[in-house]
Structure formats: structure tokens, C-alpha cells
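Undergrad: any chance you could fold what I've pasted below:
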Amino acid sequence: AFEASLSHTFDRSAQRYVFRVWHKYAQEVLRTTRWFKACEGDFDEEETSDGGGVLRAPGFDDISLLPPAISLQMLSYLSVPDLARCSMVCRTWKVIVQQTSLWSRVDLSTTADRLTNFSLMGVIQKCRPVLVHLNLRGCSLVSSVGFRAVGECHNLQDLNISECSALTVDAIQSVVSGCRALLYLNLSYTPIDDQCLRVLAKHCINMQYLSLSHCAHFTNRGLRFLATGKGCHKVIFLDVSGCDQLGTEAMWSLGKACPKLHTAILDDMTGLTDDGFRALLGECRELRSVSLLGATQLTDTSMRFLGRQASKNLETLRIEDNVWISDSSIRSLSHSRLRYLFANNCTGLSDQSLRCLGQCKHLTALNVADCLRMSDSGVRHLIDGIGSRLLELNLTNCVRVSDRSLYTLVKSCNNLTYASFCYCEHVTNAGVEMLAMLPSLISLNVTGCSVGDEGISSLGTNPRFKAVYLSECTEVTDAGLQKMCINCPNLEVLDISYCTLVTDSAMKNLAFFCHYMKTMNLANCPEIGDTSVQFISSGCHYLVSLDLTGCKKISEKSLKFLRRGCSVLKSLVVIGCNKLSVSAIKRLQMRHLAVTYSIPETAIVCSTSRAPSRMDQRSSQVSPYQQTH
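TA: Numbering: from 1, shown residues only. Here you go, the predicted structure:
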């Protein structure tokens, strides 16, 4: 009798749990279904619920009822002007906004075009004791008076004053003499000269990160101040990109000034020669990362010297557009501790380089895009050597690579996370089907490949996918996208630009299943219209970037859908959408949305946001592997 009673009690408990889970799931499905049915009508009626089925009373305040830690975390994503507005809502919000943890990191670059000395002094007066990170990028209206107030923040450790055209020696003196704890200083795109470097050499004793990118007014004399002064000798990160005025003597002075350098960014230095690079390497023997993008005069001599001097520490090497680098350079690095190699458009590299890289026991990420001499044979030798350790592989425009290489990858690269085979004409549906079998693959780029519905639908067998790029795959249709999206609920990035057979039906399925979508590129898909945008705005609430270039069916109704459904949208491109009026586009500026559009019947392209700096453009080129490591 006891066993029967125990069994009866257990059965009832299990049934109660099953019904509770089923009821919760049924409610979620019902809410989603009702939402999509409402989307097929108009958005004219205002929503009275919060999306979870709970009705909201007028004046209901969620923030005040949340735990303080959660409220602070939510408000930490707001800009300084938005925090100021929040403080005027009510007393509770004002108390939350005044918490010191919200003011340790202040970013004023979003208001750079209107930030004055008076405004800056007001912000600093509020958070001077707790301010640790301050970003003033592009604040050209701030003068020595404002920088004098910055110098009063004695606990400041991170300061970005790049693109501040009013920066002078007195301003630098005020900042570095007051902020003795300064560790990070960004002076890129500023008019600093030799006297400014002399001030840095005198006061910046604890400096570890320094950027002088594209500062054209300092010379070898200023760098000698750094070499002989007492400051800047602890610098481990140095960026002098675009400083073409630096010669061999200047590079030697940099090495003397920063003997503990770990990371050297020497991009866009077209005048950098083998002698200058060797002068730097002779003094900096602890280099771990070197970036030489655009340094087109370096030859195998520099690479061989780098292999001898930094073979024990070197982990990252970035080279680009260099026709003088050959297989000999890669051979000299084959026994180093290299973990990441970026050799884009180095046309002198061939399969022999891949064979040598197969001996790099620590290599986990490789980018050899536009190296046209590489083929399946070289890929096979590479995979045989380091296949199990490879996490990222970019073979963009390596036109000799085919499905045979993909078959080799599937056999050995079980840890491969990011793969790109753009414009590899011999990669077909069969190869993509094999790639879908890789258990760790989360990002795949097959732009311009001979891939259709058969290959795309096979990607649905891997639910881990977060980014898929199918641009210019003209054989892709709604059927293939639907099968992929049903089984890829975690998809965050999708590029189907120039897929001319994709219609509104595909967008409905995508919005229903892929709720975490953040970036979408639908450029030049002629069948995409307002209905697609309606479904996207109703299902993809986390969307940050959307490109609708050339979608001529898009009208002003789409802007209304986006305004109401995609509250976190930051970037919208509608070039060539001639049904949109300029007035309707400019109304989106109130939401701090960057809109790029074209004026009908003209060739003028406009934007409602400030153009990104070259430093931002360079940072956007960082690979997914580097972003996560």
C-alpha cells in the first residue's frame, strides 16, 4: 500500500510539472502567433501590453521597482545627455542616476559637435572624484580651458582626445601634469608637435598605452625627447600608423623609448623601410603583436629579422598589400609561437607558405585572402599540420580552392569557428553541405560562390550558426532560406544582398524563427518590400543594422514599422529607395539613428550621422577571432 501511494504521488507530481511547462510554452506560442497576425494588418493601434501579456497602467514605472543592480546596469548603456534627462523624470530616477558607478566611465564623443568648455566643466564637476575613463574624441570646440578641468581628475586612467583639433602644448601640459595615474592616452589625428612629446616624456611615468596615429607634426627630435626622458618607458602598446615622417633614426628612438613594447601598430606607413623596421626590432625584443598593414616597402629581409628577434614572443602578425613578401618570409616564421597571421593580398605567397605554416604548432587563425597562388594542395598540407587547432580560416578570393579543401577541413578541423570562402568559384553546394557538419562552426561566408538552396538548407543541421553571408549567391530562393532559418534560432548576422530571387515570404519565416537577429543586409533584393520590413520589425527586436540599398519597393510605411518595432536600431541604409522622402528620413534623427540615403533624381548620397574616423574604420576590420580573444 505504501508503494502504491508513493507511486501515485510521484505520478501526480510529474503530471503537474508537465502541464505547467506545457501551459507556459502554449502561452508563448499563442502570444507569438497573435503578434504575427496583428502584423499582417496595420500598426495604427497603440500596443497596450509589454509583449509578455501584462497590461500596463498609465504612469507605471518599471525602473523604480527593479533591484538597484539591474537598474544601474540598464542605465549604464545610456549616453550622458540621456542620463541627464532621466534624472529629471522623478526623485527615484534622480537617486539612481547619481550613483557613482554610472559616472566612472563617461563618453562625450556622441555630442562632440556641440560640446563646449562650459558643458565639459559641468560634467567633470559632477564626477571628478570617480572618473576613470573619459572619451572626448572629435570634441573640436574644447580648448585649453576645458582640458585644464580634465587635468583636475586625479584618478583618471583612460583618456581619448583623438581628433581634437584645438589641442595645444598648454592643454597637454594641464592634462598630464594633473592626471598622474594616466595609463591610456589616445592622441591620434591631433596637431601635436615635438614640444608635446617633450611634455609626455617628463610627466607620463606610468603610461602603458599610447596612440600617435596620423599625427604628422612631430619629428625625430620629439621622439628623442621620449628616448631620453623619464616618462613613457613603461609603454607596452604603441600606435604610430600613418606617421610617414618617421625615418630610421626615429624608429630607433621609438625602440629606445619603449623597450618593453608588446604591441606595435605601424599601419599605413608607406615610407617604412627594412632599415627602419630593424632599428625598432633591435631595441624591442618583447614584441608579441606587429601590424604592418600598408607598409608596402618591407621585404623578406625584415621578416627574417623579425623571425630571429621575436620568435619566442611573437603571437600576431598583420601584413597587407605587400608584393615583396614571399614564401621565404613565412618559412622564417614557421618555428615561432605565432597564433594569428593576417596576410591579405600578399601575392607572393603560394602553397609553399601554407606548407610552412603547417609547422606552426600554436597557429589558430589564418587570413590569406586574395593570395591567388594558393590551392587545394597547400590547404591540405596546412590542415594535416594544424587542423585540430585551427579556429579561423579566411581563403577569400583564393580562386584555386575547391570543394576538395572543404572535405579536408571537415575531416580534421573539428574546432573551426569562423570560415570564409568568398568568391571561391569552385566551392559548390556539396562543399557547403560538408561544412555544415562541423560542430563548432558559427560563422560562414560563401559570398559569390556557386551555392543554391541545396547547400543553404543543409546549414540548418547546425543550430549553432550566428553569422551567414550569402551575398551574390543568385541561386538562393525562399525555400532554402526557410529551411535554414527554422533550425538556426541563434542567427545574429545575415547577408543576402544581390539574392534577386528572395521575396517577402522568406522574411516572414526569418522573423518568426530568428528573434536574435542584429545585422541584416538585403541590398539590391528587388522583391523585398514593405511587408518584409513589417515582419522584421515585429520579430527582430534586437536589430541594430539594416541595409535596404536598391530595394525600390520600400516606402515610408517601412520607416513607420522600424520606428515602432526596432527600438535599438542604430544604422539604416536606404540608398536608391526613391519612394522615401527626405522629410520622412530626417524624422528618424530624433531616435539617434544613423541613416544613409540618396536624394531622388540626383547622385547625392547623404547621411544623418557624423562620418566615422579612420581609427573606427580600422577597428571594424578586426576579425571575429580577435574580437573574442
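Undergrad: and Thr347, how many neighbours?
TA: 14 (other C-beta atoms under 10 Å). All C-beta spots, glycine's among them, are computed from the backbone N, C-alpha and C.
Undergrad: state the helix or strand in which it lies.
TA: In the assignment (DSSP states H and E), Thr347 maps to no helix and no strand.
Undergrad: likewise the one 5 residues further on?
TA: Using DSSP H and E, the secondary-structure element containing Gln352 is helix 351-357.
Undergrad: other SSEs contacting that helix?
TA: Packing partners of helix 351-357 (3 or more C-beta pairs under 8 Å, 6 or more residues apart in numbering; DSSP states H and E): helix 327-332, helix 376-386.
Undergrad: what packs against the helix or strand containing Leu72?
TA: For Leu72, the host element (DSSP H and E) is helix 68-75. Packing partners of helix 68-75 (3+ C-beta pairs under 8 Å, 6+ apart): helix 91-97.
Undergrad: rounded mean pLDDT for the helix it packs on, please.
TA: Averaging pLDDT along helix 91-97 gives 81.
Undergrad: against Thr447, how distant is Cys413?
TA: Using C-beta to C-beta, to the nearest Å, we find Cys413 at a distance of 20 Å from Thr447.
Undergrad: same check on Asn415?
TA: According to C-beta to C-beta, Asn415 and Thr447 sit 24 Å apart.
Undergrad: so these two - more neighbours on which side?
TA: Shown here are Asn415 and Thr447; by other C-beta under 10 Å, Thr447 has more neighbours (20 against 15).
Undergrad: ok, now which ones touch that one?
TA: 422-423, 469-473, 495 (C-beta atoms under 8 Å, 6 or more residues apart in numbering).
Undergrad: could I get the phi/psi values of it?
TA: When read as degrees, to the nearest 10, the backbone of Thr447 gives phi -60, psi 130.
Undergrad: start at 14 instead
TA: With the count now opening at 14, the last piece we talked about shows up as Thr460.
Undergrad: for the stretch 14-163 of the chain, which spans come out with low pLDDT?
TA: 14-19, 21-23, 45-74 (pLDDT under 70).
Undergrad: picking up where we left off before, I'd like the helices and strands packed on helix 364-370 laid out as a markdown table, including mean neighbour count and mean pLDDT.
TA: Output for the helices and strands packed on helix 364-370, formatted as a markdown table (neighbours: other C-beta atoms under 10 Å; pLDDT from 0 to 100):
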| stretch | mean neighbour count | mean pLDDT |
| --- | --- | --- |
| helix 340-345 | 21 | 92 |
| helix 389-399 | 21 | 93 |
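Undergrad: out of those helices, the one nearest Leu79 is which?
TA: helix 389-399 (48.4 Å; C-beta to C-beta).
Undergrad: tell me the strands beside the helix or strand immediately after that closest one in the chain, with direction?
TA: Downstream of helix 389-399, the first helix or strand assigned by DSSP H and E is strand 405-407. When sheet partners are counted by DSSP bridges, strand 405-407 sits next to strand 378-380 (parallel), strand 431-433 (parallel).
Undergrad: can you lay out those as JSON lines showing mean neighbour count?
TA: Converted to JSON lines, the strands paired with strand 405-407 look like this (neighbours: other C-beta atoms under 10 Å):
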{"stretch": "strand 378-380", "mean neighbour count": "23"}
{"stretch": "strand 431-433", "mean neighbour count": "22"}
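Undergrad: Serialize these to a markdown table and add fields for mean pLDDT.
TA: Listed next are the strands paired with strand 405-407 as a markdown table, based on pLDDT from 0 to 100:
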| stretch | mean pLDDT |
| --- | --- |
| strand 378-380 | 95 |
| strand 431-433 | 95 |
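Undergrad: adding distance to Ser89, write the ones you listed out as TSV.
TA: Shown next, in TSV, are the strands paired with strand 405-407 (distance: least, C-beta to C-beta, whole Å):
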stretch	distance to Ser89
strand 378-380	31
strand 431-433	30
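Undergrad: compare those and give me the one nearest Ser349.
TA: Closest to Ser349 of the strands paired with strand 405-407 is strand 378-380 (C-beta to C-beta; 13.9 Å).
Undergrad: from the chain's centre, how far out does the closest one sit?
TA: Strand 378-380 sits 17 Å away from the centroid of its parent chain (C-alpha atoms, centre = their mean, to the nearest Å).
Undergrad: for stretch 496-513, same thing?
TA: For stretch 496-513, the separation from the chain centroid amounts to 19 Å (computed by C-alpha atoms, centre = their mean).
Undergrad: rounded mean pLDDT for it, please.
TA: When pLDDT is averaged over stretch 496-513, the result is 92.
Undergrad: likewise for stretch 272-286?
TA: Throughout stretch 272-286, pLDDT has a mean value of 92.
Undergrad: and that stretch, end to end?
TA: The first residue of stretch 272-286 is 20 Å away from its last residue (C-alpha to C-alpha, to the nearest Å).
Undergrad: equivalent analysis for stretch 549-566, please.
TA: With C-alpha to C-alpha as the measure, stretch 549-566 spans 15 Å from end to end.
Undergrad: how distant is it from the center of its chain?
TA: From the chain centre to the centre of stretch 549-566 is a distance of 19 Å (C-alpha atoms, centre = their mean).
Undergrad: repeat for stretch 148-167
TA: 27 Å.
Undergrad: show me the shaky parts of the stretch 414-563 of the chain.
TA: Ranges of the stretch 414-563 of the chain meeting pLDDT under 70: none found.
Undergrad: sort out which residues of the helix holding Gln365 are buried, please.
TA: Neighbour counts over helix 364-370 (16 or more other C-beta atoms under 10 Å) mark 364-370 as buried.
Undergrad: next one: stretch 531-551
TA: 531, 533-538, 540-551.
Undergrad: end to end, how far does that stretch reach?
TA: End-to-end distance for stretch 531-551, by C-alpha to C-alpha: 14 Å.
Undergrad: next: stretch 430-444.
TA: So stretch 430-444: terminal residues 16 Å apart, C-alpha to C-alpha.
Undergrad: what is the distance between it and the centre of its chain?
TA: Using C-alpha atoms, centre = their mean, the offset of stretch 430-444 from its chain centre is 23 Å.
Undergrad: which residues touch it?
TA: Counting by C-beta under 8 Å, 6+ apart, 382, 404-416, 419-420, 422, 448, 451, 453-465, 467-468, 471, 482, 636-638 sit against stretch 430-444.
Undergrad: coming back round to it: quick check: next helix or strand after the helix holding Leu85?
TA: In N-to-C order, the element after helix 81-88 by DSSP H and E is helix 93-99.
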